[in-house]
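1. Sequence plus the predicted model coming up.
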Amino acid sequence: MALHLGVLCLNILLVVLLVQAEDAYKFFTWNVTYTIISPLGIPKQGIVINGQFPGPEIDVVTNDNLVINVFNSLDEPLLMTWNGIWQRRSSWQDGVLGTNCPIPPGGNYTYQFQVKDQIGSYFYFPSTGFQKSAGGYGGLKIDNRVIIPLPYNTPDGDAFVLIGDWYNVNHTSLQGELEAGGSLGQPDGVLINGRGPFGAFFSFEPGRTYRLRIANVGIATSLNFRIQGHKMQLVETEGSHTVQNLYDNLDIHVGQSYSVLVTLDQAPADYYVVASTRFTSPELSGIGVLHYSNSGSKVSGPLPGGPTVEIDYSISQARSIRWDLAANAARPNPQGSFHYGMINVSRTVVLAGSSPLINDKKRYAVNGVSYISPDTPLKLADYFNIPGVFSLGSIPDSPSGISPTLGTSVLSTDSRTFIEVVFQNNENEVYTWHVDGYSFFVVGMDGGQWLPSSRGEYNLLDAVARSTVQVYPQSWTAVLLELDNVGMWNIRSQVWERQYLGQQLYMRVFSGSMSFRDESPIPRNVLLCGAAVGHS
């Protein structure tokens, strides 16, 4: 009897432990609608989520499962994408046109994904057409599990600071301008947390330290962020703990995210918070306020100065952002235990952007191919073996001098390989490149043309791992990438005019095993469109 009772107690204990060990589920219901917003004083049709602009903050912990039911109350198709989230084993949930059919007007779709082995600061946004310019974005933070220590003292609080350029023209008009062969031109201003000048107000306690999660959610413009009279201690970028350098200001390019610690160690007062445009004329500034709770004075005087058009300054700062080798990230092992610099590279891909005229209209291209989206998502065409949607290897591994052409570019790669990707910029604008499904190691950047001898400049020890990287004018940036996430992944310009007019491609990461350990099965609620209609 005692033996049976002991076995019963052991079984109950095992069940309890298994339930406790299961990763948590977080449920969200979003209604995406239009509303009139006027952050710069000019009314515009904006996109809001549950009536909020910016949208609701997503606050989760490593390995949590997210279930987000999105209702599309717009009069146009909609997709939401999760900038920097790896979507491990599930490019089905990535929320871009190459992987998903858009949610039709009046319809809904439930995204289901796990933030597997990730920590850090990210954001989400609508990826269809030019909807991002109308809002619909919000912060997404992934906190460490309690068993994984932070490499710094726990802050007294944290806050998202979503900075971005803003156009007063409706998103449909911007899209129409591009389709007619035009360009966006300069933005009308810069917003901080969806607010115009002095609208963003951060009230904190003196003597305490706060974590600010800063993301450039704009569509076109690199920004410089600074807080009057306060140093910023960099601690994280896009899921990587960084060497904890102090900065007076930070360049944050389109699509990038950073976490900084700010200590309220100055005289009680209000201080300017500034996000100003880089490499533009004129310079535009978004202005917020850092308020000490015992402040006795308002902000006054000139804004704190920052860099404007200096590229060397920005390159030097970018090179100073490095991996903290001793810090734990999402797992207990230190980041530096992955010796990326000792892995043999199996393939080199050089991606060069350009701005050709095709059919007498302005386009953007990669290695001579300007991307066009087919009616059938590439992921569905691949899964159902639908012919005629795309061809593997439809973009060369390096610039070939071919006449610019329209095409559906898909780079064919194999799982469990380690590749080198060089982003070459032969133009006079800053590029910002993003890779869905991955973080990559930013091992080098310099002016001129990349050559094999450029590898002598690579940082093979503590290069930061991230998902979005800038490429300066007439320059190159090189990254190393471990292909350990099977799926169809978007490689795109984060400058949305360039993305919309063709500066993007997809990378098919293939595993011949066809195992669910490599990739999750097709979702039961998958939306079908194009030639995929009727398949099951």
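-> Perfect, I can see it now.
2. So which residues of the stretch 101-250 of the chain form strands?
-> 108-114, 120-126, 138-143, 157-166, 189-192, 200-204, 209-216, 223-227, 232-237, 240-241, 246-247, 249-252 (DSSP state E, counting those that start in this stretch).
3. Show me the strands paired with the first one, marking each as parallel or antiparallel.
-> For strand 108-114, sheet partners with direction are given as strand 65-72 (antiparallel), following DSSP bridges.
4. and what of the longest one?
-> Each strand pairing with strand 157-166, determined using DSSP bridges, is listed with its direction: strand 189-192 (antiparallel), strand 209-216 (parallel).
5. quick revisit: between the strands of the stretch 101-250 of the chain, which gets nearest to Ala326?
-> Among the strands of the stretch 101-250 of the chain, strand 240-241 comes nearest to Ala326, with 8.9 Å by C-beta to C-beta. From N, CA and C alone the C-beta is placed, and that goes for glycine too.
6. what sits up against that closest one?
-> With C-beta atoms under 8 Å, 6 or more residues apart in numbering as the test, strand 240-241 has contacts from 120, 151, 235, 323-324, 327-329, 335, 439, 464-466.
7. out of those, which is most surrounded?
-> Gly120 (28 neighbours; other C-beta atoms under 10 Å).
8. Run through the bridge partners of that residue.
-> Ile142.
9. So for the top strand by length along the chain, what gets flagged as buried?
-> As assigned by DSSP state E, the longest strand anywhere in the chain is strand 25-37. Using 16 or more other C-beta atoms under 10 Å as the test for burial, strand 25-37 gives Trp30, Val32, Thr33, Tyr34, Ile37.
10. Next, format the strands paired with strand 157-166 as CSV and append distance to Tyr458, mean pLDDT and mean neighbour count.
-> Shown next, in CSV, are the strands paired with strand 157-166 (distance: least, C-beta to C-beta, whole Å; pLDDT from 0 to 100; neighbours: other C-beta atoms under 10 Å):
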stretch, distance to Tyr458, mean pLDDT, mean neighbour count
strand 189-192, 34, 98, 25
strand 209-216, 26, 98, 23
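11. Can you name the residues bridging to the spatially most central residue of the chain?
-> Compute the mean C-alpha point of the chain, and by C-alpha atoms, centre = their mean the closest residue is Asn83, 3.2 Å away. When assigned by DSSP bridges, Asn83 has beta-bridge partners Phe123.
12. Wait, it touches Pro126, no?
-> No - look at Asn83 against Pro126 with C-beta atoms under 8 Å: they stay out of range, at 11.4 Å.
13. Could you tell me the end-to-end distance of stretch 332-344?
-> End-to-end distance of stretch 332-344 (C-alpha to C-alpha, to the nearest Å): 26 Å.
14. Can you point out the buried residues in it?
-> Pro334, Gln335, Phe338, Tyr340.
15. Arg524 and Arg517: what is the separation?
-> According to C-beta to C-beta, to the nearest Å, Arg524 and Arg517 sit 19 Å apart.
16. Settle it for me: which of those two has more neighbours?
-> Arg517 (9 against 6).
17. Please, where are all the helices along this protein?
-> All helices of the chain, identified by DSSP state H, fall at 2-21, 171-179, 311-320, 378-384, 496-500.
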